[in-house]
Each structure stands twice: as C-alpha cells, then as structure tokens.
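Peer 1: Mind folding the following:
(one chain, ligands or ions: 2)
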Amino acid sequence: MYKSCNIILHGLCFFAGELVSCCYAPNDQINGGKPPILFDNYNGEIIPKDKLFARMHEFSSQFKNGSCPKECENCFKIEEKDWDESEYIDYITITHFSPCNADCIYCSNNLELDERKTNTYEIMPFLRYLKNEGIIKQGCELHIGGGEFSIYKECDDILSEFGINKFANIYIPTNAIKYSAIMHKALSQGSAYIVVSLDSGTRKTFKKIKRVDAFDKVVENICKYATEGTNEHKITLKYVIIPGVNDNIQEFQKFLDVGKKAKVVQYIRIDIEARYLRSVNNIINPYYLKLAKKMKEIAISQGFKPEFHSFIQQSMAQNINYKDKIRNLINFIELKYLKKAEKEFYTNHKY
Ligand code: SF4
Ligand code: SF4
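Peer 2: Ligands and ions are numbered 1, 2, ... in the order given. Take a look at the predicted model:
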C-alpha cells in the first residue's frame with residue numbers, strides 16, 4: 001500500500017514531439033508545466049518494451065519509495081492503495097495532432113497550431129507493436145485529445161484496431177462536422193463514446209464560437225450518430241459557457257432542443273471556458289455557478305442527465321485544497337436554490 005497513480009504505472013500519452021505519461025496538468029501546462037516525460041524528441045518510433053518500462057519505472061519507483069515526481073505534485077489522480085506493478089498499458093492518450101475543421105474561439109490548439117501541424121507523426125506502428133506483444137491490455141482506455149479526430153490520418157486505423165473489435169473503450173471529443181462511418185460503427189458496438197461540444201443552439205451563436213458555418217451539418221450528424229444502440233451514455237453534448245457569448249438560458253434551451261431532436265441523447269456536460277478561468281485566477285464569478293445550477297435544473301426537468309466534469313476539475317485542479325473546494329462547489333451547485341427575485345437577473349444577464 002503506497003501513494004501512486006495508475007497512469008504512471010500503466011499509462012502512455014502521445015504529445016507533439018514527446019512521449020509522456022499523461023496529459024494532466026497539476027502544474028499548469030499553459031504556463032510551461034509538463035507531465036512526466038518518458039521520451040523527448042519522440043516521433044512515433046517503436047520503443048522496445050523493456051526500454052519503455054525501464055523508463056516508466058524511473059518515475060513510478062519514486063512513488064514506491066515514498067516520494068513523488070516533481071511533475072506529479074498535487075495531482076488529483078494520486079491515491080493510496082495496493083498497486084499492480086506488472087508491466088502492461090491500460091490507459092493511452094492520443095493528443096499529438098492538431099488539425100481541425102473548426103476554429104473555436106477557446107481552442108488551445110490555436111496557440112500552437114503551426115508548430116504541431118508540421119509535427120504530426122504516426123502512432124499505429126508503435127501501438128500495433130505493443131498490442132502484438134500483449135502489452136496493451138484488453139479493455140484499456142483510449143482517450144483522444146488534440147485536434148479533430150475524424151480528420152486525423154490514423155483515425156480509421158485506430159478505430160479498426162481498437163474499437164470495432166471491442167478491444168478498448170475509446171473516448172472521443174469530436175465537433176461532428178464530418179460524419180465518420182467507422183466512428184458510428186464503434187459507437188453502435190459500444191466501444192466508443194463521443195462528446196460533441198455544441199456550445200450553442202443556433203446557427204448564429206455556433207458560428208460565433210466555432211468560426212465555421214456548420215451548425216446544421218453538426219445537428220444532422222449528431223442525429224445520425226444517435227441511432228439505436230448508441231443510447232447508453234455513448235453520446236454526450238457539451239455546453240461550454242463562454243462569457244459574453246452564450247451565457248444565457250435562452251441559448252441553452254435551444255441547445256437542449258437539439259438533444260431532444262437527436263432523440264437518444266440524454267447526457268449533457270456543462271463546462272466553463274478555460275481561458276476565462278485563467279483570467280480570473282480560477283475564482284469563478286458566482287453568476288456562473290448559479291447559471292450552471294440553473295442549467296442543471298432546467299436540463300433535469302426536461303429529462304437530461306447533466307454532468308459538470310471539467311467545470312469542476314479545471315477550476316480546482318491547481319488548488320492544493322482542491323478536494324474540499326470541489327466538495328463545496330458540488331454542494332453549492334446541488335443544494336443552493338435560486339431565489340425568485342434572482343431568476344430574472346440570471347436568465348437575462350449578459351456578462
Ligand atoms: S500523478 Fe498525475 S501527473 Fe503524475 S502521472 Fe499520474 S496523472 Fe500524470
Ligand atoms: S473543435 Fe476542438 S480542436 Fe477543433 S478548433 Fe474547436 S476546440 Fe479546437
């Protein structure tokens with residue numbers, strides 16, 4: 001029994017130019033913080049398994065010896081338990097690519113787009129090697145990041161190798177501008193989960209946020225994906241609250257209407273824009289907490305199942321006392337009810 005984390009023992013993450021353990025940011029990555037770096041100057045090379053695990057042990061042994069790698073300090077993934085130290089991979093993050101067919105106003109990829117565009121290597125040779133060697137465990141998690149996965153050159157290959165045969169559970173953020181038949185198949189077979197960040201309920205607001213005129217196409221594709229067999233938490237619609245752009249109930253209601261149109265979509269995620277959080281040093285204006293709570297109430301009353309995933313994680317991950325704060329925030333969202341007099345203000349307020 002000791003403090004460690006599953007990902008440092010069994011995780012791989014493909015970054016642009018680096019193979020690292022994870023993409024978590026206990027020390028803020030935007031400000032130069034890095035997760036544990038396994039191999040620098042990495043461009044998809046096949047690393048022999050012994051060499052790979054020898055390097056991974058350099059980090060995991062620090063936990064075993066009672067200390068903590070400096071990159072992992074304050075990480076919310078750390079927990080105390082009996083760890084399985086055998087050599088396998090069961091958590092892979094793919095976030096080394098950035099091309100996208102949208103241009104969201106909040107996208108962090110925009111900052112490094114040119115650099116990453118020229119540096120998108122192939123990962124399938126290495127992943128196939130690890131799978132054939134029995135290193136990647138059946139049932140492992142694949143988390144996609146980066147740009148738009150449906151237009152990434154190895155998208156179909158990855159889904160064929162890990163999704164269609166139900167080898168892995170694949171978590172995919174997609175803007176759904178491009179319909180992917182293979183993604184649909186993986187969804188129907190229960191091995192893929194998609195999160196579509198729609199952030200709007202109208203063409204006008206969508207265009208303002210995504211900076212492409214594709215609202216109708218996206219709604220059409222969401223409805224296509226939402227066919228029979230994809231109804232158990234396979235499709236989540238996300239609403240990122242962006243100050244001054246979509247921070248009102250009217251837009252949110254239209255967003256819910258898209259969910260209704262897509263019939264089997266039940267799960268929605270309410271988030272808050274990461275750059276806003278940074279600009280206010282993670283101290284969220286109470287207006288947004290109340291707005292999120294109000295959105296939650298409305299969504300539940302219309303049969304949706306709302307989650308607050310990154311809304312909570314992003315705001316608190318860098319805070320040493322984050323667990324208490326998360327608890328308080330959840331309690332706040334869960335338990336504090338709006339007074340009638342506040343209703344008008346919160347439904348009409350523009351930040
Ligand atoms: S403790 Fe956190 S930063 Fe370190 S490997 Fe695990 S998830 Fe990554
Ligand atoms: S869809 Fe995703 S990757 Fe593409 S611009 Fe928007 S946030 Fe960035």
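Peer 1: Residue 169: how many residues sit nearby?
Peer 2: Neighbour count for residue 169, taken as other C-beta atoms under 10 Å: 17. Any C-beta I mention is one placed from the backbone N, CA and C, and that applies to glycine too.
Peer 1: ok, the closest residue to it other than its chain neighbours - how many residues close by?
Peer 2: Excluding the flanking residues, the one nearest residue 169 by C-beta to C-beta, 6 or more residues apart in numbering is residue 141, at 5.4 Å. Counted with other C-beta under 10 Å, residues neighbouring residue 141 total 16.
Peer 1: show me what contacts residue 141?
Peer 2: Contacts for residue 141 (C-beta atoms under 8 Å, 6 or more residues apart in numbering) come out as 90-92, 168-171.
Peer 1: Confirm for me that residue 156 is in contact with residue 182.
Peer 2: Yes: when contacts are counted by C-beta atoms under 8 Å, residue 156 is listed as touching residue 182 (5.1 Å).
Peer 1: got any ranges where the protein has weak pLDDT?
Peer 2: Along the chain, the parts satisfying pLDDT under 70 run over 25-33, 109-119, 228-232, 309-351.
Peer 1: where do the helices sit along it?
Peer 2: For the chain, the helices defined by DSSP state H cover 6-10, 49-64, 113-117, 124-132, 155-158, 181-188, 203-210, 215-225, 249-261, 274-279, 286-301, 309-316, 322-335, 340-348.
Peer 1: what's the most buried one of those helices?
Peer 2: Most buried of those by mean neighbour count (mean count of other C-beta atoms under 10 Å) is helix 6-10; its value is a mean of 23.
Peer 1: That one near ligand 1 anywhere?
Peer 2: Yes: Helix 6-10 is in contact with ligand 1 by C-beta under 6 Å from any ligand atom, via 7-8.
Peer 1: which other helices and strands contact that helix?
Peer 2: helix 49-64, strand 89-94 (3 or more C-beta pairs under 8 Å, 6 or more residues apart in numbering; DSSP states H and E).
Peer 1: looking at those, which is closest to ligand 1?
Peer 2: helix 49-64 (7.0 Å; C-beta to the nearest ligand atom).
Peer 1: Having no further points to raise, I will conclude here.
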